[in-house]
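K.L.:
Coordinates for the following, if possible.
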Amino acid sequence: MKAWRLEKLGGRLALEDVPIPEPRPGSVLVRVEASALMSYLKAYVEGKLPFYNPPAKPFTIGTNAIGTIEAVGRDVWSLRKGQRVVVSSHFVARENVDDPAQVLIGLTAGVGAADMLADWPDGTLAEFALAPAEAVTPLDGFEGVDAARLAVVSRFVAPFGGLLRGRLQAGETLVVNGATGAYGTAAVLIGVAMGAGRVIAAGRNRDALAAVAKAAGPRAIPIALTGDVAADAKSIREASGGGADIAFDMVGNAGDPRSTLAALTSLRRNGRLVLMGSMTVDLPIPYTQVMLNNWKILGQFMYPASATRRLLDLIRAGLLDLGALRVKDFPLTTLPEAMEAAAEAGNLEVVVARA
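P.N.:
Predicted coordinates for the structure are as follows:
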């Protein structure tokens with residue numbers, strides 16, 4: 001089969017002929033149809049994101065796929081050959097221990113999980129992908145939907161995991177900080193799909209905020225941030241009708257904590273802040289305000305295995321429209337061009353490689 005193999009971060013990336021993987025216990029072999037590209041995949045490949053911990057040896061890149069099961073290994077009882085599925089890169093170790101290791105297959109290892117990634121190094125930018133059964137979700141009911149359109153699911157599932165962590169309830173007010181980023185935009189759309197009464201889309205690009213609000217509908221309210229924490233928190237509280245119930249922070253590689261602090265201090269009493277983005281500086285927490293307001297601050301990495309199933313339920317029910325995001329697809333053989341397009345794509349666009 002053909003697979004895009006990366007020698008190391010900053011090393012040679014090439015489309016190579018490699019053997020089709022053999023199914024092993026607990027695994028599923030998937031014939032890949034399409035894979036959505038991360039906006040930062042080009043920077044990752046070029047070694048410009050040194051905080052990642054990739055496999056120590058050459059590996060196949062790619063973090064998600066839509067495909068059809070070609071074969072299943074031993075100890076797989078529910079998934080079956082011919083079934084259409086979503087493949088996720090997020091894999092948590094099966095051991096029944098307090099702190100199981102976790103990795104993003106084809107991308108990076110968590111703390112202390114290098115051995116786990118060495119056992120599962122290869123991702124989905126290939127004609128076939130071997131994945132742990134735990135990282136595969138059936139697409140029953142989506143048989144006639146185009147694979148490139150279904151690949152958009154990968155854009156939504158990470159912020160969906162954060163909103164599940166924050167226990168967003170129907171009717172609550174949600175503020176999304178970083179709403180003009182790819183995943184922040186997805187969070188606004190999911191918040192509406194989950195029944196939030198209002199979704200405050202907060203960011204600094206007025207035009208992008210207007211586009212997000214238009215895509216999300218009348219319950220989305222754009223708020224352009226100024227960088228003044230007190231003024232921005234006041235604007236969010238006023239748009240929220242007195243304060244938000246939950247703030248979802250999805251800033252990307254931020255060097256300034258002020259927008260996050262504005263989202264935090266916009267919360268009403270007993271509000272929750274979910275941190276799921278990335279920041280290069282520390283977040284100075286207003287200790288007394290947090291204590292007096294009973295605020296809860298929650299960190300979240302990725303999503304539970306059940307999140308993809310629950311997200312597909314929202315789509316089946318017509319509550320989340322994948323068509324809100326525009327798809328730009330490329331043949332797998334033109335991955336370098338596709339990575340360039342992904343790096344330049346707007347927040348309402350998803351670049352997909354078709355196998």
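K.L.:
Any buried residues in stretch 155-169, and which?
P.N.:
155-166, 168 (16 or more other Cβ atoms under 10 Å). All C-beta spots, glycine's among them, are computed from the backbone N, C-alpha and C.
K.L.:
In CSV, list the residues you listed along with secondary structure, pLDDT and distance to residue 284.
P.N.:
Converted to CSV, the buried residues of stretch 155-169 look like this (DSSP: H, G, I helix; E, B strand; the rest coil; pLDDT from 0 to 100; distance: Cβ to Cβ, whole Å):
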residue, secondary structure, pLDDT, distance to residue 284
155, helix, 97, 31
156, helix, 98, 31
157, helix, 98, 31
158, helix, 97, 26
159, helix, 98, 25
160, helix, 98, 29
161, helix, 98, 26
162, helix, 98, 22
163, helix, 98, 25
164, helix, 98, 27
165, helix, 97, 23
166, coil, 98, 21
168, coil, 98, 26
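K.L.:
Closest one of those residues to residue 44?
P.N.:
Nearest to residue 44, judged by Cβ to Cβ, of these is residue 158 at 15.7 Å.
K.L.:
In this structure that closest one contacts residue 300, no?
P.N.:
No: look at residue 158 against residue 300 with Cβ atoms under 8 Å: they stay out of range, at 9.1 Å.
K.L.:
Residues that sit against both of the two, list them.
P.N.:
Both residue 158 and residue 300 are in contact with residue 276, where contact means Cβ atoms under 8 Å, 6 or more residues apart in numbering.
K.L.:
Any figure for the gap between residue 287 and residue 166?
P.N.:
21 Å (Cβ to Cβ, to the nearest Å).
K.L.:
can you map out the helices along the stretch 201-350 of the chain?
P.N.:
206-216, 229-240, 258-265, 287-292, 307-316, 335-344 (DSSP state H, counting those that start in this stretch).
K.L.:
Also the stretch 1-150 of the chain?
P.N.:
Counting by DSSP H, counting those that start in this stretch, the helices of the stretch 1-150 of the chain are 41-45, 114-119, 147-150.
K.L.:
contacting residues around the second one?
P.N.:
When you say that, I think you mean helix 114-119. 53-57, 91, 93, 101-103, 105, 108-109.
K.L.:
Quick check: bridge partners of residue 68?
P.N.:
Beta-bridge partners for residue 68, by DSSP bridges, are residue 31, residue 84.
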